[in-house]
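Chemist: Here is my input; please provide its structure:
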Amino acid sequence: MDDSDRSRAASGPMTAPSRLSAAWALAVLTAIYTCGFVDRIMLQILVEPIKREFHLSDTQIGLLGGLAFAILNVALGLWFARLAERRSRVTMIAVGTALWSAATAVCGMASSFAALFAARIGVGVGEAIGLPATASVIADLYPRSQRTTALSVMWIATPLGSLLGVAGVALISQSHGWRTAFMIASAPGLILALILMFTVREPVRGRHDALSEAELARVPAAREVFRRMWAIRSLRHILAGSTIAAAGAFGLNAFIAAWLMRRFGLTIAQAGLIIGMINSGPVLLGIVGAGWLSDRLARRDQRFYGAIPGFALLIAAPLYILAVTRDDLTLSVVLLALAAPFQYSYLAAYSGTLQNMMHPRMRATAVAGMSVIVSLLAATLGPLLVGFLSDHLAVASGNAATGLGRALAVTALLYFWAAAHLLWSTRDIVADLARPLSRPEPVA
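Modeler: Presented below is the predicted three-dimensional model:
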């Protein structure tokens, strides 16, 4: 047990935080992650003005939306996660929030593609520091039977961030320019970093897990964490399915606003409002609903942790493909709204299952490892795939809007692949959730 945990364990009340304090901590962490999501995705609605100013191709836009963010996220994520297994996670989250907020402001000052690319790299450091520690903190705030629901609340950041980062940023950009949008978006994160530091205390690790003091004190090596992740068959399928689904989501979200503008002649504010509304209520319902339903149904059969997101993605794929191949704006928007609740159902299921299968001092590292995979594959290849397909299909079709629509439809096929992995996980998930948290996995 590190010095921070010992001091807090000795303080008495900190060993059993009230429901109110746990709820407040979850609310602040969710607000921070929302700001981080805004800073991360706001580039999606600013594609057209940035592309015009710097004379960029869709492939370059794909690089800005994926690779630029991933570079520091990958390079530093695991190192910070290992630190989070030993030190105050709350402090690390606050520092990471301040850093990515400052980098967002720098994006608004970029004078070239290279400068903007470098600034976007800086935004990636915040998630590298904060996300693994955030999931680990929430796992210690809530018991095993409530973690998927609690983590689904954290994932509310996705729809809220989409609403603010797309609709809000679009309105600001249309009135004051894209640079001002970046500057304004940086402010809330700086404020929330201070609120976190002064109002949220570090929870005691493993307080909801049946482990001895000695087992809780030991910090497993990184290789033990990844060996355990690989050894658990159902977890392998859940993480594979989630990564593939994330690649589809990153690619689709990076260009859907641009498609609405090209296909139907919408302004940046109109496209932003539509995407913001679709990605708010419907997505929020899907994420929280899937998390709550998974925890509730898993009381009878734990296979629902894989089945619910798997079947949801089977529904999302055809709806999205139909949406981006329609000629009518109203029909396209309705279909996108219908697909939205199902697209992100995997988030709570994968994060809750991952936390429940990991030792308390493995959780930050496990999330960081998953973040590396998502950053290298999903966040990088998803937008790049859509951009590459769009550039080539636009030439083949002779129309930029048609080419981009076809690229989005092809990318949505990834949801079928992701669903297969999630459904396959149900074969082993019951036995895998029963594994002792402290049992070392054999060397392959």
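Chemist: What count of nearby residues applies to the nearest residue to Ala258 once chain neighbours are set aside?
Modeler: Spatial nearest neighbour of Ala258, excluding adjacent residues (C-beta to C-beta, 6 or more residues apart in numbering): Val47 at 4.6 Å. C-beta coordinates here come from the backbone N, C-alpha and C atoms, glycine included. Neighbourhood size, Val47 [other C-beta atoms under 10 Å]: 25.
Chemist: quick one: low-confidence parts of the stretch 151-300 of the chain?
Modeler: Within the stretch 151-300 of the chain, the ranges that satisfy pLDDT under 70 run 210-212.
Chemist: Spell out the residue ranges of the helices in it.
Modeler: 157-162, 169-176, 178-199, 213-217, 222-231, 233-264, 268-278, 281-298 (DSSP state H, counting those that start in this stretch).
Chemist: Of all those helices, which one comes closest to Thr411?
Modeler: Checking those against Thr411 by C-beta to C-beta gives helix 233-264 as the closest, at 4.6 Å.
Chemist: Distance of the residue lying farthest from the centre of the chain relative to Leu408?
Modeler: Residue farthest from the centre of the chain, counting by C-alpha atoms, centre = their mean, is Gly398 at 35.1 Å. For Gly398, the distance to Leu408 equals 18 Å [C-beta to C-beta, to the nearest Å].
Chemist: again, but for Val95
Modeler: Where Leu408 is concerned, Val95 sits at a distance of 37 Å (C-beta to C-beta).
Chemist: Of those two, which one has the most company?
Modeler: Leu408 (25 against 17).
Chemist: Does that one touch Trp259 like I think?
Modeler: Yes. Look at Leu408 against Trp259 with C-beta atoms under 8 Å: they come within range, at 6.1 Å.
Chemist: Between those two, which contacts overlap?
Modeler: Residues within reach of Leu408 and of Trp259 at once, by C-beta atoms under 8 Å, 6 or more residues apart in numbering, are Val324.
Chemist: Rebuild the helices of the stretch 151-300 of the chain as a markdown table, extending it with distance to Ile373.
Modeler: A markdown table is the format used below for the helices of the stretch 151-300 of the chain (distance: least, C-beta to C-beta, whole Å):
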| stretch | distance to Ile373 |
| --- | --- |
| helix 157-162 | 18 |
| helix 169-176 | 28 |
| helix 178-199 | 25 |
| helix 213-217 | 27 |
| helix 222-231 | 10 |
| helix 233-264 | 6 |
| helix 268-278 | 26 |
| helix 281-298 | 20 |
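Chemist: Nearest to Leu43, out of those?
Modeler: The closest approach between Leu43 and any of the helices of the stretch 151-300 of the chain, judged by C-beta to C-beta, belongs to helix 233-264 at 7.8 Å.
Chemist: Check which residues of the closest one are buried.
Modeler: Neighbour counts over helix 233-264 (16 or more other C-beta atoms under 10 Å) mark 234-264 as buried.
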